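Test case, fold it:
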Amino acid sequence: RCIAVDLPGHGGSRVLDTQSSASEPCVAGPFSSPDHGNLSELLHGDRVFEAYALPAISEALAALMASFGGQCDCVGYSMGARIALHASLHHQGAVSSACLVSGSPGVSDAKVRETRCAEDDLRARAIRAHGVPSFVRRWYASSMWDSMRGHPRFREVVQLRMANNRADALACALSGLSPGRQPDLWPQLMDAKCVSQHCGRLLFVAGALDASYMRVLDRLSSHGWSTASVQGAGHALVLEAPLGLLSHVVDWIQDPSTSLADP
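Numbers count the residues shown, from 1 in each chain. Got it, this is the predicted structure:
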């Protein structure tokens, strides 16, 4: 069976402030309740970043997968890929294999991390001040989505994103899950022992038109990781080339030992 998970800020999942009740487990919340609410009433200050930190969400995702009674094959896109990668490396008992689509292992440069945190915090404040539709319009004006804008369903996708009425939850996720705040997994992925242990479990995928993430694939491939590219697609290859992506995902899940073509 296939289970689609709503990550915090992107669906009905809600992060709870479980510190208020000793009977509730910490980080049970990211997948616990569809109640919308106002997260600013539940989480305050640094606790927002703690609850929405990538390791916390990774732990919750691993717990969810473990609750199904065995290891899962995990597929994550963009932010979901970053979370799935962390879960694959740090919660191996829950993840059998993972396909990581358009996801970055992290940011190593301290100044770049600081800048990205500031940018995402500014975006979060803009969401709270001006609402989701205004943010979505600016977000999809980025050059990262150039190849997507010509897709027949582009307007439909943007309208769906604008319909997200959980501005506070999206703002919390944008700040807490900023690439500038996530653990930098590059040192771990560059370690030969890690490559030997996990290279048969992880597949990194990117659109061939996504220059930034193709550079990520090149670096990973040079250290022995399995990578694949989807031709004719950019960052949004889930929309732009779903069949090409699905082919890589299905082949990998059925036989992770299969050698894939170089991107």
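
For stretch 119-136, give me every contacting residue.
With contact meaning Cβ atoms under 8 Å, 6 or more residues apart in numbering, stretch 119-136 is reached by 138-139, 158, 161-162, 164-168, 170-172, 174-175, 178-180. To be clear about C-beta, it is placed using only N, CA and C from the backbone, and glycine gets the same treatment.

The same query, at a cut-off of 7 Å, please.
Contacts to stretch 119-136, defined as Cβ atoms under 7 Å, 6 or more residues apart in numbering, come from residues 158, 161-162, 164, 167-168, 170-171, 174-175, 178, 180.

hey, C-alpha coordinates of the longest helix along the chain in PDB?
Longest helix in the chain by number of residues (criterion: DSSP state H): helix 110-130. C-alpha atoms of helix 110-130 as PDB (Å, rounded to 0.1, in the frame of the first residue of the first chain):
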ATOM      1  CA  ALA A 110      28.100  29.000   8.000                       C
ATOM      2  CA  LYS A 111      27.500  32.300   6.400                       C
ATOM      3  CA  VAL A 112      25.200  30.800   3.700                       C
ATOM      4  CA  ARG A 113      23.300  29.000   6.500                       C
ATOM      5  CA  GLU A 114      22.900  32.200   8.400                       C
ATOM      6  CA  THR A 115      21.700  34.000   5.300                       C
ATOM      7  CA  ARG A 116      19.200  31.300   4.400                       C
ATOM      8  CA  CYS A 117      17.800  31.300   7.900                       C
ATOM      9  CA  ALA A 118      17.300  35.000   7.700                       C
ATOM     10  CA  GLU A 119      15.600  34.800   4.300                       C
ATOM     11  CA  ASP A 120      13.200  32.000   5.400                       C
ATOM     12  CA  ASP A 121      12.400  33.900   8.600                       C
ATOM     13  CA  LEU A 122      11.600  37.000   6.500                       C
ATOM     14  CA  ARG A 123       9.300  34.800   4.200                       C
ATOM     15  CA  ALA A 124       7.600  33.500   7.300                       C
ATOM     16  CA  ARG A 125       6.900  37.000   8.600                       C
ATOM     17  CA  ALA A 126       5.500  37.900   5.200                       C
ATOM     18  CA  ILE A 127       3.200  35.000   5.200                       C
ATOM     19  CA  ARG A 128       1.800  36.000   8.600                       C
ATOM     20  CA  ALA A 129       1.500  39.700   7.600                       C
ATOM     21  CA  HIS A 130       0.200  39.300   4.000                       C
END
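
Averaged pLDDT, that helix. What do you get?
Averaging pLDDT along helix 110-130 yields 96.

Can you tell me how far the closest residue to residue 164 other than its chain neighbours is from residue 9?
Distances taken as Cβ to Cβ, 6 or more residues apart in numbering put residue 132 closest to residue 164, at 5.0 Å, once the chain neighbours are dropped. Counting by Cβ to Cβ, to the nearest Å, the gap from residue 132 to residue 9 is 10 Å.

So for these two, which residue has more residues nearby?
Neighbours were counted for residue 132 and for residue 9 using other Cβ atoms under 10 Å; residue 9 has more, 27 against 19.

and the more buried one, what is it in contact with?
Residue 9 neighbours (Cβ under 7 Å, 6+ apart): 166, 169-170, 172-173.

Rank the residues you listed by pLDDT and give me only the lowest.
residue 166 (84).

okay, now that one: neighbour count?
Under the neighbour criterion other Cβ under 10 Å, residue 166 is assigned a count of 22.

how near is it to residue 6?
11 Å.

before we move on, what about residue 124?
19 Å.

Neighbour count for those two, which is higher?
For residue 124 versus residue 6, the count of surrounding residues by other Cβ under 10 Å is larger for residue 124: 23 against 13.
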